[in-house]
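sequence plus predicted model, see below.
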Amino acid sequence: MDKEKTKDRIRFIQEFLKAKGFGLQFVCSLDNLAYLTGVRPLAIERLTLLSIPQEGKPHLIVPKLSEQEFLHLSSLFDLLVWEDGQDPVVLVQGELKRLSPGLPLAADRGTPGYLILALAKNLPLGLILFNEDSIKPLRQIKSREEVELLKASGAIADEVLKEVREFAKPGMSELEVASLMITEIMRRGAVADPSIPIVASGSHSAVPHHQTGPRKLQVGEPLLIDFGCVFQGYHSDVTRTFFLGEPSEEFQRVYQIVKEAQAKALSLIRPGIPLGSLDEAAREHIKKSGYGEYFIHRLGHGLGMEIHEEPYVYSGNSTLAEAGMCFSVEPGIYLPGRFGVRIEDCVVVQEEGPLLLTHFPK
Ligand code: CO
């Protein structure tokens with residue numbers, strides 16, 4: 001990521017702080033840190049914190065062992081380095097000096113509870129507010145470079161699905177399938193998100209977030225695969241439901257309904273449409289077909305540096321789609337104890353219609 005981008009993003013946040021009367025923004029979420037600095041700290045207990053005042057240079061509190069990863073940013077941030085054995089909370093307390101009296105501190109969701117409690121000794125708890133509205137609008141609208149990375153991530157997912165279609169055979173366990181998928185992802189220069197792949201065979205496909213396990217694939221059963229990869233920090237997310245052998249009539253019917261529901265929602269995507277109406281269109285179709293009570297989750301979630309992020313696509317959400325937003329469209333029907341079908345693709349909203357990030361046949 002180039003420094004100009006970092007500068008722009010920090011400037012946006014500082015304008016927000018001024019406009020909304022926040023004195024300081026703390027950023028601890030690893031995704032927010034990666035978005036603002038271009039560097040993703042390792043997900044461990046050592047504290048990395050970006051402290052952004054209304055004006056002036058932000059401070060980056062960073063553990064000694066990560067210092068060199070951030071050194072190239074020293075013209076933009078003052079690095080406050082702490083070493084193992086030191087207490088970084090002392091450095092964070094020092095940041096409160098930059099907070100004008102009476103102004104609230106904005107903390108993002110990654111700010112650990114222990115830190116908030118420590119700060120509350122020096123600052124009334126009422127002045128420590130959760131706030132990500134300074135970062136959310138930025139992250140929600142993907143830049144051209146970000147869209148390129150999302151496309152590349154989706155293309156890898158498509159290739160891996162092709163492999164799965166080849167190697168997934170009756171007798172293999174769900175975990176075996178997942179491990180082969182992870183290998184295929186890594187061979188292509190990406191990594192797997194730790195929460196997936198979801199490999200759900202047979203009745204497991206009726207559990208939307210099934211925990212991939214030792215169950216063996218069998219002929220005459222569905223196989224639901226929900227996965228993605230992370231390519232240069234950007235996620236893909238795609239679901240296909242296969243059938244091993246000859247699908248029953250009921251499976252085919254349910255599959256068709258889910259596919260149509262997805263197509264309906266996809267056909268409506270354009271800037272200006274309320275996100276809720278996409279969910280409502282897909283839900284209406286499933287309801288009309290008699291399976292309304294078995295579509296038990298929202299239609300979609302935003303995608304970017306996180307597998308689930310803003311915006312969320314659920315009934316009643318009046319947020320309007322904007323060019324550059326990226327989210328999943330993933331209707332499903334889940335018949336408990338029997339089988340489930342979900343079809344998922346992610347799209348980027350564009351003036352000329354949705355840009356699909358995955359293209360594997362469905
Ligand atoms: Co998803």
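Good, I have the coordinates.

up against the ion, what does the chain have?
237, 328 (CB under 5 Å from the ion). C-betas here are computed from N, CA, C, even on glycine.

residue 169: neighbour count?
Using other CB atoms under 10 Å as the criterion, residue 169 is surrounded by 11 other residues.

ok, now which ones touch it?
residue 217 (CB atoms under 8 Å, 6 or more residues apart in numbering).

if I look at it, how far off is the ion?
Taking CB to the ion, to the nearest Å as the measure, residue 169 falls 26 Å from the ion.

ok, residue 349 next?
17 Å.

thought that residue was touching residue 325?
Yes. Contact status for residue 349 versus residue 325: in contact at 4.6 Å, counting by CB atoms under 8 Å.

for the longest helix along the chain, packing partners?
Counting by DSSP state H, the longest helix found in the chain is helix 144-167. Under the contact criterion of 3 or more CB pairs under 8 Å, 6 or more residues apart in numbering; DSSP states H and E, helix 144-167 touches helix 174-187, strand 221-227, strand 229-231, strand 234-235, strand 238-244, strand 345-348, strand 355-356.

Throw those into CSV and include mean neighbour count and mean pLDDT, thanks.
Output for those, formatted as CSV (neighbours: other CB atoms under 10 Å; pLDDT from 0 to 100):
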stretch, mean neighbour count, mean pLDDT
helix 174-187, 19, 97
strand 221-227, 25, 97
strand 229-231, 24, 96
strand 234-235, 26, 96
strand 238-244, 21, 97
strand 345-348, 24, 98
strand 355-356, 16, 98
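
format these as TSV; extra columns: distance to residue 332.
Output for these, formatted as TSV (distance: least, CB to CB, whole Å):
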stretch	distance to residue 332
helix 174-187	18
strand 221-227	9
strand 229-231	21
strand 234-235	19
strand 238-244	8
strand 345-348	13
strand 355-356	18
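
distance between the longest helix of the chain and the chain's centre?
Mean C-alpha position of helix 144-167 versus that of the full chain (CA atoms, centre = their mean, to the nearest Å) differs by 16 Å.

buried residues, that helix. List them.
Buried residues in helix 144-167, counted by 16 or more other CB atoms under 10 Å: 146-147, 149-157, 159-161, 163-164.

the ion: which of these is nearest?
Lowest distance from the ion to the buried residues of helix 144-167 (CB to the ion) belongs to residue 157, with 11.4 Å.

find the closest residue to the ion in the stretch 251-362 of the chain.
For the stretch 251-362 of the chain, CB to the ion, closest residue to the ion: residue 328, 4.3 Å.

that residue and residue 237 touch, don't they?
Yes. Residue 328 is within contact range of residue 237, at 5.5 Å (criterion: CB under 8 Å).

related to what we said a few turns ago, give me the angle between the longest helix of the chain and strand 221-227.
150 degrees (axes from the mean of the first three to the mean of the last three CA atoms, to 10 degrees).

got the contact list for helix 144-167?
Under CB under 8 Å, 6+ apart, the answer for helix 144-167 is 142, 177, 180-181, 184-185, 188-190, 225, 227-238, 240, 242, 303-304, 324, 326, 346, 348, 355-360.

kindly report the same for stretch 238-249.
With CB under 8 Å, 6+ apart as the criterion, stretch 238-249 contacts 154, 157-158, 161, 165, 168, 170, 198, 205, 217-228, 251, 255, 258, 330, 340-346, 358, 360, 362.

quick one: terminal-to-terminal distance for that stretch?
By CA to CA, to the nearest Å, the extent of stretch 238-249 from end to end equals 25 Å.

please name whichever of the helices and strands packed on helix 144-167 is nearest to residue 270.
Closest of the helices and strands packed on helix 144-167 to residue 270 is strand 345-348, at 10.9 Å (criterion: CB to CB).

that closest one pairs with which strands?
strand 326-329 (antiparallel), strand 355-356 (antiparallel) (DSSP bridges).

save these as JSON lines, and put in distance to residue 264 too.
Shown next, in JSON lines, are the strands paired with strand 345-348 (distance: least, CB to CB, whole Å):
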{"stretch": "strand 326-329", "distance to residue 264": "10"}
{"stretch": "strand 355-356", "distance to residue 264": "15"}
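
count of neighbours near the nearest residue to residue 273 once chain neighbours are set aside?
Leaving out its chain neighbours, the residue that sits closest to residue 273 by CB to CB, 6 or more residues apart in numbering is residue 321, at 5.0 Å. Residues within reach of residue 321, counting by other CB under 10 Å, total 22.

one more: the one 3 residues further on?
Residues contacting residue 324 under the criterion other CB under 10 Å number 16.

what sits against it?
Listed by CB under 8 Å, 6+ apart, the contact partners of residue 324 are 140-143, 147, 348-349.

if I look at the residue lying closest to residue 219 once chain neighbours are set aside, how far off is residue 225?
Leaving aside its chain neighbours, residue 219 sits nearest to residue 245 (4.3 Å; criterion: CB to CB, 6+ apart). Distance, residue 245 to residue 225, by CB to CB, to the nearest Å: 16 Å.

before we move on, what about residue 165?
According to CB to CB, residue 165 stands 9 Å off from residue 225.

out of the contacts of residue 324, which are buried?
140, 142, 147, 348-349.

residue 43: what's its closest spatial neighbour, skipping adjacent residues?
Closest to residue 43 by CB to CB, 6+ apart is residue 30, at 5.9 Å.

would you confirm that that neighbour contacts residue 39?
No. Taking CB under 8 Å as the definition, residue 30 is not a contact partner of residue 39, at 10.0 Å.

the residue in the stretch 151-300 of the chain that the ion sits nearest to: how many residues sit nearby?
Using CB to the ion, the point where the stretch 151-300 of the chain gets nearest to the ion is residue 237, with a distance of 4.2 Å. Counted with other CB under 10 Å, the neighbours of residue 237 add up to 27.
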